[in-house]
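>>> Sharing a model that was predicted from the sequence below.
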Amino acid sequence: MSPARLVRQARRAGLDRVAITDHGAIAGALEAYARDPELVIVGEEIKCANGAHIIGLFLQERIPNRLPVTETAQLIRDQGGVVYAPHPYAYLRDPVRRTEAVLEVADVVEAFNARAFAPSWNPRAAAAAAQRGLPAFAGTDGHFPWEVGRANTVLAAFHDGASFLKAARETQLHKPATTPTYILAASLACEIARLAIGSGQGTKPPFVRGVSA
């Protein structure tokens, strides 16, 4: 999705806010924010040194990959941002060891990820959030337009990271269904194609990954 298309799709889906969290980049989120600042939350999905992922919300500057978890979280907070733990038990080969470090620094936990296809992944995330008393969120993790808004979180109005965290204390998760596996396969095919094109040109083409909130 282009930033322009994601903005249009989010409005069509009836979302009031959408967090755009590309992997290791914020250029697409900044472009979308310039188009619709009342809609877009600028974010980034960051790969930490231990292989786990952290999402920073309400960012102004990109945060580098491969830093320690605690340093990544501090850099997010230095920008007035929110530390969001995405799909904490999904995809990782050693999820417990890696995820524990992220949950220790998280402000909110993604308790339902629409792309987390294994039956145990989302329930484990929800249990971890409840055990730690952290707000539980639902995210689309959408890569294609028709995924935008499949899962979302209802909360009171907010305008920055601090008011977001205040509103996050009372949330309602809307979880219609997990994304079908054929869509995940299509995403993987697109990513392989992007990597192939990028390696031929010396760069990796950008893409936009939205998490509805």
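Received, thanks. Numbering: from 1, shown residues only.

>>> mind listing the strands for this protein?
Remark: strands assigned in the chain by DSSP state E are 18-23, 40-47, 53-57, 82-85, 108-113, 136-139, 152-154, 172-174, 210-212.

>>> what's the most buried one of those strands?
Mean neighbour counts were taken over the strands of the chain using mean count of other C-beta atoms under 10 Å, and the top value, a mean of 29, falls to strand 210-212. The C-beta positions use only the backbone N, C-alpha and C, and glycine is treated the same way.

>>> all helices in this structure, in order from the N-terminus.
Ranges of helices in the chain, per DSSP state H, are 3-12, 27-35, 69-78, 95-105, 121-132, 161-167, 181-201.

>>> and the ones you listed as TSV, adding mean pLDDT, mean neighbour count and distance to Asp141?
Listed next are those as TSV, based on pLDDT from 0 to 100; neighbours: other C-beta atoms under 10 Å; distance: least, C-beta to C-beta, whole Å:
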stretch	mean pLDDT	mean neighbour count	distance to Asp141
helix 3-12	97	18	13
helix 27-35	98	18	15
helix 69-78	98	18	19
helix 95-105	86	17	16
helix 121-132	95	18	11
helix 161-167	97	17	19
helix 181-201	62	12	9
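
>>> Serialize those helices to CSV and add fields for distance to Glu45.
Conversion of the helices of the chain to CSV gives the following (distance: least, C-beta to C-beta, whole Å):
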stretch, distance to Glu45
helix 3-12, 15
helix 27-35, 11
helix 69-78, 11
helix 95-105, 12
helix 121-132, 16
helix 161-167, 17
helix 181-201, 13
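
>>> Indicate which one of those is closest to Glu44.
Closest of the helices of the chain to Glu44 is helix 27-35, at 7.2 Å (criterion: C-beta to C-beta).

>>> Could you list the residues in contact with that closest one?
Helix 27-35 is contacted from outside by 3-4, 6-7, 20-22, 39-44, 59, 206-208, using C-beta atoms under 8 Å, 6 or more residues apart in numbering.

>>> same thing with stretch 160-176?
57-58, 80-82, 107-108, 111-112, 114, 135-138, 150-158.

>>> Distance from the chain centre to it, please.
14 Å (C-alpha atoms, centre = their mean, to the nearest Å).

>>> ditto for stretch 140-150
That offset, for stretch 140-150, works out to 11 Å (C-alpha atoms, centre = their mean).

>>> Pull the CA coordinates from stretch 38-54 and hand them back as CSV.
Provided in CSV are the C-alpha atoms of stretch 38-54 (Å, rounded to 0.1, in the frame of the first residue of the first chain):
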residue,chain,number,x,y,z
GLU,A,38,-5.9,13.9,12.5
LEU,A,39,-5.9,10.2,11.5
VAL,A,40,-2.3,9.0,11.4
ILE,A,41,-0.1,8.1,14.4
VAL,A,42,3.5,7.9,13.2
GLY,A,43,5.2,4.7,14.4
GLU,A,44,7.9,2.2,13.6
GLU,A,45,8.3,-1.5,14.2
ILE,A,46,11.9,-2.0,15.4
LYS,A,47,13.9,-5.2,15.5
CYS,A,48,15.9,-5.4,18.7
ALA,A,49,19.3,-7.0,19.3
ASN,A,50,17.7,-10.1,20.7
GLY,A,51,15.5,-10.6,17.6
ALA,A,52,12.3,-9.4,19.3
HIS,A,53,10.2,-6.6,17.9
ILE,A,54,9.0,-3.4,19.6
